[in-house]
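Student: Return a 3D structure for these sequence lines:
(one chain, ligands or ions: 1)
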Amino acid sequence: MKIAVIGAKGQLGSDLMKTGADREGLELVPFGRPELDVTRPESIVESLSGKGFNAVINTAAYHQVDLCEIEIEKSFQVNAAGVANLADFCQREDLTLLHISTDFVFSGFGRNEPYGEDDEARPLNVYGVSKLAGEQILRNRMRRHIIVRSCGLYGKAGSREKGTNFPRIMLKLAREGKAIKVVSDQTCTPTPTARLAPIILDLLTRNQYGTYHATCHGETTWYAFARSIFEIMGIKAEITPVSSQEYGARARRPAYSVLANNNLERQGLDRLPYWMQALEEFLDGE
Ligand SMILES: NC(=O)c1ccc[n+]([C@@H]2O[C@H](COP(=O)([O-])OP(=O)(O)OC[C@H]3O[C@@H](n4cnc5c(N)ncnc54)[C@H](OP(=O)(O)O)[C@@H]3O)[C@@H](O)[C@H]2O)c1
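Tutor: Numbering: from 1, shown residues only. Below is the predicted model of the structure:
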């Protein structure tokens, strides 16, 4: 099976390339933005047409959540129109399209139990709205699609868009002796890309079309997650919990966006660990 990986230098893209290299019968071909820009249909055709691909994985996104509030057009161009461009191409060429989405399609309003795949999505911020638009366009345009929603991604490559990831920011601030404030009223399940990548390849190789939640198990707040990072690493840090309001980020974020991997479990494909175990694995060697 020959698979194009879009956004291959990103943290998820890098782990997909690594994971795919060990799988027999798979050929993963990486694409960065200079070769394939999802907002430019002609670059999709140039890069992918007539090359014998069976499937495309789209990890590309504009996901600087606070900047998305200002750069609305760019958010929709990458996260919605970009997906439409890929869907049109894949439909025409008869390829499967696997697309990555987010827990931020949910509002968290009045919620204290994990969201299933069929729960109503009601995003609170521009990023979430643009990602939900991408999902809906994909569902409307092609049957052979897979949508994988995950949460709080961190990987060895670091996020290309953000230049780093949450564990590394925390470690850097602590090592510099800075006072750290972290929100304690947003509950979710951070998930390392090294654990998500194999699940994505399982879904694709088994033609498991539809929408899937794929996060680690359990739940935590960003504050408790940060504390765990310091505990695991044995680092002393001056860390204070703050509310989202005190923190004052531009974009509103869900207070609760824990996802239940119901559809993965039904397919017998839920091999994701508890979030703390996954964090320990990631921090080994950091
Ligand atoms: N990070 C999170 O916490 C999180 C949580 C839930 C879901 N997600 C979703 O997971 C996916 C992967 O996230 P990530 O953390 O791995 O992101 P990342 O490290 O920032 O990588 C994103 C990649 O997208 C590429 N890209 C951006 N705009 C593009 C365009 N117009 N055309 C082609 N490629 C473009 C970038 O390419 P260049 O490197 O060439 O610039 C980059 O390699 C995204 O869909 C995101 O929405 C992320």
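
Student: What's the first helix or strand after whichever strand or helix holds Leu16?
Tutor: Per DSSP states H and E: Leu16 is located in helix 11-21. Following helix 11-21 in sequence order, the next helix or strand is strand 27-31 (DSSP H and E).

Student: ok, that next one near the ligand or not?
Tutor: No: Strand 27-31 lies out of reach of the ligand by CB under 6 Å from any ligand atom, never closer than 7.3 Å. For glycine as for every other residue, the C-beta is placed from the backbone atoms N, C-alpha and C.

Student: Quick check: buried residues in that strand?
Tutor: By neighbour count on 16 or more other CB atoms under 10 Å, the buried set for strand 27-31 is Leu28, Val29, Pro30, Phe31.

Student: Strand partners (parallel or antiparallel) of that strand?
Tutor: Note on strand 27-31: by DSSP bridges, its sheet partners are strand 2-6 (parallel).

Student: Can you give me every residue that contacts the residue nearest to Ala194 when sequence neighbours are not counted?
Tutor: What sits nearest to Ala194 in space, not counting adjacent residues and going by CB to CB, 6 or more residues apart in numbering, is Asp15, at 5.0 Å. Contacts for Asp15 (CB atoms under 8 Å, 6 or more residues apart in numbering) come out as Gly155, Lys156, Ala157, Thr193, Ala194, Leu196, Ala197.

Student: about what we covered before: does the helix holding Leu16 come close to the ligand?
Tutor: Yes: in terms of CB under 6 Å from any ligand atom, part of helix 11-21 sits within range of the ligand, namely Gln11, Leu12, Gly13.

Student: Stretch 268-281 too?
Tutor: No: using CB under 6 Å from any ligand atom, stretch 268-281 stays clear of the ligand, coming no nearer than 13.3 Å.

Student: Can you give me the distance of the residue in the chain positioned nearest to the ligand to Asn165?
Tutor: Nearest to the ligand, among the residues of the chain, is Gly10, at 2.1 Å (CB to the nearest ligand atom). According to CB to CB, to the nearest Å, Gly10 stands 11 Å off from Asn165.

Student: Have a look at those two and say which one is more surrounded.
Tutor: Gly10 (26 against 21; other CB atoms under 10 Å).

Student: just the strands in the stretch 101-250 of the chain please.
Tutor: Using DSSP state E, counting those that start in this stretch, the strands of the stretch 101-250 of the chain run over residues 145-150, 153-154, 179-183, 187-188, 191-192, 210-213, 220-221, 238-242.

Student: just those strands: most buried one?
Tutor: strand 191-192 (a mean of 26; mean count of other CB atoms under 10 Å).

Student: Tell me the one among the buried residues of strand 27-31 nearest to Met233.
Tutor: The shortest approach to Met233 among these belongs to Pro30, at 31.2 Å (CB to CB).

Student: So that closest one is in contact with Val5, correct?
Tutor: Yes: in this structure, Pro30 is within contact of Val5 by CB atoms under 8 Å, at 5.3 Å.

Student: shared neighbours of the two, which are they?
Tutor: Between them, Pro30 and Val5 share the contacting residues Gly13, Met17, judged by CB under 8 Å, 6+ apart.
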